[in-house]
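1. got a sequence here, can you model it:
(chains A, B, C and D)
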There are 2 protein chains.
Amino acid sequence: MEIRQSNREALFEAIAVMGKALASPRRLELLDLLAQAPRSVDDLARVSGQSSANTSQHLQALHAAGLVDREREGTRMRYALAGERALRVWLTLRDTSAAQLAEVERAARSYLGQEVDRVGREELVDRLRQGDAVLVDVRPPEEFAAGHIDGARSIPLDELERRLGELPPDLEVIAYCRGPFCAYAHEAVRRLRAAGRDASRLEEGWPEWRLAELEAESSVA
Amino acid sequence: MEIRQSNREALFEAIAVMGKALASPRRLELLDLLAQAPRSVDDLARVSGQSSANTSQHLQALHAAGLVDREREGTRMRYALAGERALRVWLTLRDTSAAQLAEVERAARSYLGQEVDRVGREELVDRLRQGDAVLVDVRPPEEFAAGHIDGARSIPLDELERRLGELPPDLEVIAYCRGPFCAYAHEAVRRLRAAGRDASRLEEGWPEWRLAELEAESSVA
DNA sequence: CAAGTTATCAATTGATCGCTTGAATAGTCA
DNA sequence: TGACTATTCAAGCGATCAATTGATAACTTG
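-> Model (predicted):
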């Protein structure tokens, strides 16, 4: 009886190991970055503006919680999200907190700036099939290289104005980035509009698209 | 630029509010109980073996994180899981930790005892349609009253032997309980087998069944 | 092998968390 | 109104956590 109870406690304690990993804003930021592409420790440290030592510690915590994998690559360590499951945990937490906590909504709106026109997944597919829109991935090129929506072309946000000429002038531009809480696509649409182009953003980003693909595959199989 | 950064940090901090709520084994246990049925504070305190004050504090933390709702009911406060979203967060965390962390698997096996035959959702539906099995909910009656699988009959675990006669002797008994990490159905099957009955357990419990129903509804709509 | 890079470790500090205890509050019912 | 119950509050203590700093270890390249 006593044994039963301690086993039960041990079970919740073991689950809480993963919960604890989700309790720090820094670690969530690392998960968010890793959802785009695998990266090295000090790459992540630089992008997230933290010290290497601190970043390394957080990555080890995420690893111990089963949320990220790691692999030596010569002199550096390559960290990556631990598969579809880890991605689903992060997106579920993010979306649920956005739905349930007014403060998340508020912080997101404040970070993203003025809202712009947006299209959903099905509308995007239709538009591309009809050929009256072009899909642009405005994330940094390494992230595009690590994976992107089929049919997208890569124009990082900071090259957008310079490379406007590459975009067929008669087509609407649909931009996407890291996800619904990433400011890149919003900013891209605002700049495209300022340049006189017809533009809108895809509601979701690459991680959401990819998870949907993975889930569609496994439900077929 | 600075403003942008602080907004971005604020966003992750706001999301981490929900993450922090998932960082304590006690709170996870409360979520697990609330996934079965709404309950009052000291009901939860009694069932989870904690002091009322401590339980109340944890429930307030879960409430502040948007994971549980509460409502006054006369002299007591009725806490309930905050809808489908909160349920999905908890089940996702639980299942992902079980898949990714060996320690969770180990703790679960140790808590559940010897494995018994099990059937999946589709098999259950087939068997019930064919009429060669009877579905039994072995959870406490309050939980059955708060919601159960359509077609199930309620026989709480501690009344099982006494009420064996209620079960048609020529049918296999399929038992279910709070979920895959609840020991009731396992124990019920072992006792039924010991009594000479053909028995197996449903792989999932009521919360998983309910979430699947809710998701099916919303994907149709 | 030596120099340089990348990652981790170890020790420390201040902050936060978890739980207990005892008191205060809100609501019910005789 | 007064006794009673359920819940919350407030203070306090020990444990854990987050971040910094400086040192160490692992690996590559010249």
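
2. center of chain A, which residue is that?
-> residue A:178 (4.1 Å; CA atoms, centre = their mean).

3. how close does it sit to chain B?
-> Counting by CB to the nearest CB, to the nearest Å, the gap from residue A:178 to chain B is 12 Å. C-beta coordinates here come from the backbone N, C-alpha and C atoms, glycine included.

4. surely that residue touches residue A:32?
-> Yes. In this structure, residue A:178 sits in contact with residue A:32. The criterion is CB atoms under 8 Å, and the distance is 7.3 Å.

5. about what we covered before: what residues are up against the residue nearest to the centre of chain A?
-> Counting by CB atoms under 8 Å, 6 or more residues apart in numbering or on different chains, residue A:178 touches A:32, A:35, A:36, A:139, A:143, A:184, A:205, A:206, A:207.

6. mind running it again at 7 Å?
-> With contacts taken as CB atoms under 7 Å, 6 or more residues apart in numbering or on different chains, residue A:178 has the following neighbours: A:36, A:139, A:184, A:205, A:206.

7. how about residue A:7?
-> Under the criterion of CB under 7 Å, 6+ apart, the neighbours of residue A:7 are B:107, B:110, B:111.

8. ok, now residue A:96?
-> The neighbourhood of residue A:96, defined by CB under 7 Å, 6+ apart, consists of B:18, B:85, B:88, B:89.

9. so which of these reach chain A?
-> Restricting the contacts of residue A:96 to those adjacent to chain A (criterion: CB under 7 Å from any CB of the partner chain) gives B:18, B:85, B:88, B:89.

10. how far away is the third one from residue A:130?
-> Translated: residue B:88. 35 Å (CB to CB, to the nearest Å).

11. okay, the two: which has more neighbours?
-> Between residue B:88 and residue A:130, residue B:88 has the larger neighbour count (other CB atoms under 10 Å in any protein chain shown), namely 17 against 8.

12. so that one makes contact with residue B:211?
-> Yes. Counting by CB atoms under 7 Å, residue B:88 does reach residue B:211; the two are 6.3 Å apart.

13. show me where chain A has its strands.
-> For chain A, applying DSSP state E gives strands covering A:39-40, A:68-73, A:76-81, A:118-119, A:133-137, A:153-154, A:172-176, A:199-202.

14. my read: residue A:156 touches residue A:138, true?
-> Yes. Under the criterion of CB under 7 Å, residue A:156 makes contact with residue A:138 at 6.2 Å.

15. so those two - more neighbours on which side?
-> The residue with the greater number of neighbours, taking residue A:156 and residue A:138 and applying other CB under 10 Å, is residue A:138; the counts read 28 against 19.

16. check contacts around that one.
-> In this structure, residue A:138 makes contact with A:155, A:156, A:157, A:160, A:175, A:177, A:184, A:185, A:188, judged by CB under 7 Å, 6+ apart.

17. does the third one really touch residue A:186, like I thought?
-> Pointing back at residue A:157 there. No. At 10.2 Å, residue A:157 does not count as touching residue A:186 under the criterion of CB under 7 Å.

18. tell me which of these two has more neighbours.
-> Between residue A:157 and residue A:186, counted using other CB under 10 Å, residue A:186 has the larger neighbour count: 21 against 18.

19. and the helix or strand bottoming out on mean pLDDT in chain A, how far from the chain's centre?
-> Lowest on mean pLDDT, DSSP states H and E among the helices and strands of chain A sits helix A:2-21, with a mean of 86. A distance of 30 Å separates the C-alpha centroid of helix A:2-21 from that of its chain, computed with CA atoms, centre = their mean, to the nearest Å.

20. quick check: buried residues in it?
-> Of all the residues in helix A:2-21, those buried under the rule 16 or more other CB atoms under 10 Å in any protein chain shown are A:7-21.

21. same question for stretch A:80-100.
-> By neighbour count with 16+ other CB under 10 Å, stretch A:80-100 contains the buried residues A:80-98, A:100.

22. all helices of chain A, in order?
-> Using DSSP state H, the helices of chain A run over A:2-21, A:25-34, A:41-48, A:52-64, A:83-100, A:102-112, A:121-130, A:141-146, A:183-194, A:206-220.

23. can you give me how far the last one is from the chain middle?
-> If you compare the mean C-alpha spot of helix A:206-220 with that of the full chain, they lie 14 Å apart, counting by CA atoms, centre = their mean.

24. that helix near chain B at all?
-> No. Helix A:206-220 stays clear of chain B (CB under 7 Å from any CB), getting no nearer than 11.2 Å.

25. quick one: contacts of that helix?
-> If you take CB under 7 Å, 6+ apart as the criterion, helix A:206-220 is touched by A:35, A:36, A:84, A:87, A:88, A:91, A:147, A:148, A:149, A:176, A:178, A:179.

26. for it, buried residues please.
-> In terms of neighbour count (16+ other CB under 10 Å), helix A:206-220 has its buried residues at A:206, A:207, A:208, A:209, A:210, A:211.

27. export it as PDB, just CAs?
-> Taking C-alpha atoms only, helix A:206-220 is exported to PDB below (Å, rounded to 0.1, in the frame of the first residue of the first chain):
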ATOM      1  CA  TRP A 206       7.200  26.400 -40.900                       C
ATOM      2  CA  PRO A 207       7.100  24.400 -37.600                       C
ATOM      3  CA  GLU A 208       3.300  24.300 -37.700                       C
ATOM      4  CA  TRP A 209       3.200  23.400 -41.300                       C
ATOM      5  CA  ARG A 210       5.700  20.600 -40.700                       C
ATOM      6  CA  LEU A 211       3.900  19.200 -37.700                       C
ATOM      7  CA  ALA A 212       0.700  19.100 -39.800                       C
ATOM      8  CA  GLU A 213       2.500  17.200 -42.500                       C
ATOM      9  CA  LEU A 214       3.900  14.700 -40.000                       C
ATOM     10  CA  GLU A 215       0.500  14.100 -38.400                       C
ATOM     11  CA  ALA A 216      -1.100  13.700 -41.800                       C
ATOM     12  CA  GLU A 217       1.500  11.100 -42.700                       C
ATOM     13  CA  SER A 218       1.000   9.100 -39.600                       C
ATOM     14  CA  SER A 219      -2.800   9.200 -39.700                       C
ATOM     15  CA  VAL A 220      -2.600   7.700 -43.300                       C
END
